[in-house]
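[1] sequence unavailable; structure follows:
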């Protein structure tokens, strides 16, 4: 059962599996690479830089709001700042970090594939992402400044009359590039998962992270073309004299919102599902148990994907022109699969052996923060409560709870898979300090915003002179933002301090899935050998042959095979 | 192949039902069309996989008892390095800049795109070498 | 492309019957949600209109559910991580499925969701209903200010940014607001009403308010509408019905009429002329 067989990776006669040894070197090597791990690493570094840039915008925004009549930035600059903060975080950090960086590196290894299905397309995705990011951010250097119509670019505010200037066009252009980058990554991941699995890796033996990436990719393919089409229409309205979104020419402004949110709400799950997957893997590994309710988890993920296409107009309840009950019940129903996931995560830890490594702490922090964000999301699915809180800081707090949870999960992913990618562990002490700053900072940052929202503070306000009593809560929130900033600095310090210091070995966490079977970092084309795949935990089965996952009602029969020592 | 087909067709059926309910209830066209298109987009690959799943025997990755040796053989051509993605990316960059700064950016943009497409295709026909 | 629009509410007999059915299901749950007076406010306030109060009760109902579920889940997480923290190199039993348990935490949330939905429907139907009324206010939002006209009368209020135009309405009367925008999308939001609605160009957004307390309440634009979005303020002044009649009548003299006409002309001409020459937000004291 456990003997090793020769590697399944056979590159055809022209392929030259180890060509990189005598290929180009230096910067040309980086530019010409098609190795999914190198591309993924480029994605990771770029996305973390975007996180830092977006975070700096956030700190400026918080500093502006520290006083009711803040004069740090002008009204125009403030509009640019929150637009670019949202755009950078959503378009350039969260998505690319999930499906460009971690999925790119991990998914092919988790299913035992030598590379992505289309390595050159994968490289193209990265170049489109990088140039898209440069395009969008270069808005700050043209006359008139960067885009300033909010990250949602509602028509008709985003037309050429209300927002003239190159900044808005650069925003559209950058978004077109990153949109195509996402579509190509989606195609690539789908094809990889459907066609390049190792023998025995059936669909229902794929790790949950891979499953979530598959569902994410399907959602990308369903949603992103709509955004691209919408952007083309917006550009046509701005420059070719069409009137798709302008009343004057017989167009419908609300159509933009339909198009945008038909992409925008699946996008929320495109952002969230990869991180759910990371957390699932991490909780299972650090509890030394299989994922509880593995099949229920997959079913929940698929239900979220199915429902997510029918909820877009809950962002538009207050337009008064959408069908309230339909979108209300569909949005409320999404709470059910999400709840299943949360209970499955708890079930995974239940009767386990929970190891509080930094990755696990971050995952637990995700769990609590996401719970808060999820519960406050249920309010917003109810139209009367949405009328009440729409476009106030309550909504801002809700989605910042969610995205701070995703940042925690992303950090968990970096601490968990970083050693596999680089071959070196990060310092756990600094990591835990970072966790506490990030976790407490997230709560201190979001909680005052909930109260401010309920007290009637609208979002996107540069000044609030009529309600100076909001200053105290805003200052508290700013303190939270500072704590989050410190946590980011601690992360950078951690990377510098532990640079090539703590060799990880192949399997530092006693992992379950195939990536822990190969070397750290994995070789070109990933595997020298593969174990037999008989469950969703091939590496665990190989290391602990006496401890297979048990169905309902089954109990362990102890034999002499019980291996207590993690292999390697 | 069967599971892949079932997932996509299942999602497509769900979108179709949702589209029916929504379109008839709300009479709002944009969302109805988009849901309908989402259904088609699921049926397209789903139908393809279903068609193939009935005409080929289970692949090693669909066989729960497969051995690693069963999967031995050529997986595909994986080019070690290639300059064309970068070239194509820079070409697209210039094309997008043409949208903003002026039509003349199309000259380097489309030039690079066409060059990259020709080069990349030739590279693929040669079997993945630069 | 047509304007996306709903079919008229309750247009058919079928729709009416369907709504009665929903109400029958929803009533007991709503009664549960509406019954408490000593329930904590969870950060919200009852507001001053009849629907703002039911929204507030709905808020309380949702909050009680959220607090109970949240506390339960946090307790489970804490128990799991404290009770089952790693103390040895033991490999725990590898149990993976427990069907009855999984069924329970699938079915129970579905029931909760339908309960929440039923309570939502009750409040929502009340809030979006438009009963017949004689007091109608046409609200026009523009960059960056508000214009309130009262069809059938000479009353007109017009103000830009921090001039704080005041919309005057009578107490204990249904007031139909017809909301529209002359340029980009704006948001009509009055905190004391627990309510907001977009002002869309090309769409007449109609809703009905019934204020139950007199007083002056602050409102502001909530949907980003450009440079002076932060300063697009207004006030709603709820007055007694006789005061309201007097206020409407005060516009019926030639001088006021002329002023109204002049103001009307300004708005219809163009909106760019109303941009204040410099941001004036540092040198006024409101409140």
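    Received, thanks. Since the model is a prediction, treat every value here as computed from it, not as a measurement.
[2] tell me the mean pLDDT for stretch C:41-59?
    Taken as a whole, stretch C:41-59 has an average pLDDT of 91.
[3] check stretch A:540-557 too.
    83.
[4] would you mark the buried spots in it?
    Within stretch A:540-557, the residues scored as buried using 16 or more other Cβ atoms under 10 Å in any protein chain shown are A:540, A:541, A:542, A:543, A:544, A:547, A:548, A:549, A:550. (Each C-beta comes from the backbone N, C-alpha and C, glycine too.)
[5] and the last one, what does it touch?
    Meaning residue A:550. A:556, C:93, C:94, C:95, C:96, C:97 (Cβ atoms under 8 Å, 6 or more residues apart in numbering or on different chains).
[6] verify the stated contact: the third one with residue A:556.
    Yes. Residue C:94 is within contact range of residue A:556, at 6.9 Å (criterion: Cβ atoms under 8 Å).
[7] who touches both of those two?
    Common neighbours of residue C:94 and residue A:556, counting by Cβ under 8 Å, 6+ apart, are A:547, A:550.
[8] that older thread, which of the contacts of residue A:550 are buried, as a ChimeraX select command?
    The following ChimeraX selection, which keeps only the buried ones among the contacts of residue A:550, applies the criterion 16+ other Cβ under 10 Å:
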select /C:94,95,96,97
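[9] tell me the least confident of the contacts of residue A:550?
    residue A:556 (70).
[10] for the nearest residue to that residue once chain neighbours are set aside, phi and psi?
    Once flanking residues are discounted, residue A:556 sits nearest to residue C:93: 5.2 Å by Cβ to Cβ, 6 or more residues apart in numbering or on different chains. Dihedral angles of residue C:93 (phi, psi; degrees, to the nearest 10) stand at phi -60, psi 140.
[11] who's in contact with residue C:93?
    Per Cβ under 8 Å, 6+ apart, neighbours of residue C:93: A:351, A:550, A:555, A:556.
[12] for it, give its distance to residue A:534.
    19 Å (Cβ to Cβ, to the nearest Å).
[13] and for residue A:371?
    35 Å.
[14] neighbour-wise, which of those two wins?
    Set residue A:371 next to residue A:534 and count neighbours by other Cβ atoms under 10 Å in any protein chain shown: residue A:371 wins out with 21 against 17.
[15] for the strand or helix carrying that one, list every residue counted as buried.
    Taking DSSP states H and E as the criterion, residue A:371 maps to helix A:358-380. Neighbour-count burial for helix A:358-380, counted by 16+ other Cβ under 10 Å, picks out A:358-380.
[16] Three-state assignment for the residue nearest the centre of chain B, please.
    Nearest residue to the geometric centre of chain B (Cα atoms, centre = their mean): residue B:45, 9.6 Å. The local conformation at residue B:45, judged by DSSP: H, G, I helix; E, B strand; the rest coil, is helix.
[17] where does pLDDT dip in chain B?
    B:76-77, B:127-130 (pLDDT under 70).
[18] for it, what spans make up the helices?
    For chain B, helices defined by DSSP state H occupy the ranges B:2-26, B:29-53, B:84-101, B:106-126.
[19] run through the neighbouring helices and strands of the third one.
    With contacts taken as 3 or more Cβ pairs under 8 Å, 6 or more residues apart in numbering or on different chains; DSSP states H and E, helix B:84-101 sits against helix A:119-137, helix A:166-195, helix B:106-126.
[20] chain C is nearest to which of those?
    helix A:166-195 (12.4 Å; Cβ to the nearest Cβ).
[21] can you point out the buried residues in whatever helix or strand comes next after that closest one?
    With elements assigned by DSSP H and E, the helix or strand that comes after helix A:166-195 is helix A:208-239. For helix A:208-239, a neighbour-count test (16+ other Cβ under 10 Å) marks A:208-228, A:230-231, A:233-235, A:237-238 as buried.
[22] so for chain C, the centremost residue is which one?
    residue C:195 (1.5 Å).
[23] list the beta-bridge partners for it.
    residue C:190 (DSSP bridges).
[24] distance of it relative to chain B?
    Distance, residue C:195 to chain B, using Cβ to the nearest Cβ, to the nearest Å: 23 Å.
[25] what about the stretch 1-150 of chain C, any weak spots by pLDDT?
    In the stretch 1-150 of chain C, residues with pLDDT under 70: C:1-37.
[26] and the residue in the stretch 101-250 of chain C positioned nearest to chain B, how far from residue A:386?
    Using Cβ to the nearest Cβ, residue C:203 is the residue of the stretch 101-250 of chain C that sits closest to chain B, at 13.1 Å. As defined by Cβ to Cβ, residue C:203 lies at a distance of 18 Å from residue A:386.
[27] okay, those two: which has more neighbours?
    Set side by side, residue C:203 and residue A:386 show more neighbours around residue A:386, with 26 against 22, by other Cβ under 10 Å.
[28] so what's the more buried one up against?
    A:314, A:317, A:318, A:379, A:380.
[29] what about residue C:141, which helix or strand?
    With DSSP H and E as the test, residue C:141 turns up in strand C:135-142.
[30] was I right to think residue A:474 contacts residue A:448?
    Yes. Using Cβ under 8 Å, residue A:474 is in contact with residue A:448, at 7.0 Å.
[31] what's the longest helix in chain A?
    Chain A, longest helix under DSSP H: helix A:253-287.
[32] contacting residues for the residue lying farthest from the centre of chain B?
    In chain B, counting by Cα atoms, centre = their mean, residue B:25 sits farthest out from the average C-alpha position, at 33.1 Å. By Cβ under 8 Å, 6+ apart, the contact set of residue B:25 is A:323, A:326.
[33] how far away is it from residue A:326?
    6 Å.
[34] ditto for residue A:119
    Residue A:119 is 43 Å from residue A:326, by Cβ to Cβ.
[35] who has more neighbours, these two?
    Taking neighbours as other Cβ under 10 Å, residue A:119 and residue A:326 compare with residue A:119 leading, 26 against 20.
[36] nearest spatial neighbour of that one, chain-adjacent residues omitted?
    Nearest to residue A:119 is residue A:34, by Cβ to Cβ, 6+ apart, at 3.7 Å.
[37] looks like that neighbour contacts residue B:84 (just checking).
    No. Using Cβ under 8 Å, residue A:34 is not in contact with residue B:84; the gap is 9.7 Å.
[38] quick check: neighbours shared by the two?
    Common neighbours of residue A:34 and residue B:84 (Cβ under 8 Å, 6+ apart) are residue A:120.
[39] quick one, grab the pLDDT at residue C:282.
    38.
[40] neighbours of residue C:99, how many?
    Using other Cβ under 10 Å: residue C:99 sits among 12 other residues.
[41] that one contacts residue A:552, doesn't it?
    Yes. With contacts counted by Cβ under 8 Å, residue C:99 reaches residue A:552, the gap being 5.1 Å.
[42] nearest to residue A:505, of the contacts of residue A:386?
    residue A:380 (45.8 Å; Cβ to Cβ).
[43] without its sequence neighbours, what residue ends up closest to that closest one?
    Nearest to residue A:380 is residue A:386, by Cβ to Cβ, 6+ apart, at 5.1 Å.
[44] are we agreed that that neighbour is in a helix?
    Yes. Applying three-state DSSP, one finds residue A:386 inside a helix.
[45] who's in contact with the residue in the stretch 101-250 of chain A that chain B sits nearest to?
    Closest contact between the stretch 101-250 of chain A and chain B, by Cβ to the nearest Cβ, is at residue A:127 (2.5 Å). Listed by Cβ under 8 Å, 6+ apart, the contact partners of residue A:127 are B:85, B:86, B:88, B:89, B:90, B:92, B:93.
[46] before we move on, back to that, and of the helices and strands packed on helix B:84-101, who's closest to residue B:99?
    Across these, closest to residue B:99 is helix A:166-195 (Cβ to Cβ), at 5.3 Å.
[47] is any residue of the closest one near chain C?
    No. Helix A:166-195 lies apart from chain C when judged by Cβ under 8 Å from any Cβ of the partner chain; the minimum separation is 12.4 Å.
[48] that helix versus helix A:119-137: what angle between them?
    Between helix A:166-195 and helix A:119-137, the angle comes out at 160 degrees (axes from the mean of the first three to the mean of the last three Cα atoms, to 10 degrees).
[49] thank you kindly, that will do.
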